[in-house]
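Enquirer: here's a sequence, model it:
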Amino acid sequence: MEEAHRRHLLELAPTAAGKVCLLGRWSGGEIPDPYGQDRAAGEAAYD
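Expert: So this is what the prediction gives:
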């Protein structure tokens, strides 16, 4: 999930603000969403 996804979820359900976070929060950066891309994109997101 990327920041844009998080914002959209919070628009739909503002009460979920304390329950929705990005995994990149702990790794120091955003993790790109590899959905619909090739295997290399999936592997890069995993690393």
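
Enquirer: I'd like the next helix or strand past the worst-scoring helix or strand of the chain on mean pLDDT.
Expert: The helix or strand of the chain with the lowest confidence, counting by mean pLDDT, DSSP states H and E, is helix 24-27 at a mean of 81. Following helix 24-27 in sequence order, the next helix or strand is helix 39-46 (DSSP states H and E).

Enquirer: which residues touch the least confident helix or strand of the chain?
Expert: Residues outside helix 24-27 that contact it (CB atoms under 8 Å, 6 or more residues apart in numbering) are 30, 31. C-beta: built from backbone N, CA, C; applies to glycine.

Enquirer: centre of the chain versus it, how much separation?
Expert: 10 Å (CA atoms, centre = their mean, to the nearest Å).

Enquirer: same check on stretch 29-41?
Expert: Using CA atoms, centre = their mean, the distance from the centre of stretch 29-41 to the centre of the chain it belongs to is 10 Å.

Enquirer: may I have the distance across it, first residue to last?
Expert: 16 Å (CA to CA, to the nearest Å).

Enquirer: and what of stretch 3-19?
Expert: 14 Å.

Enquirer: ok, stretch 32-47 next?
Expert: 11 Å.
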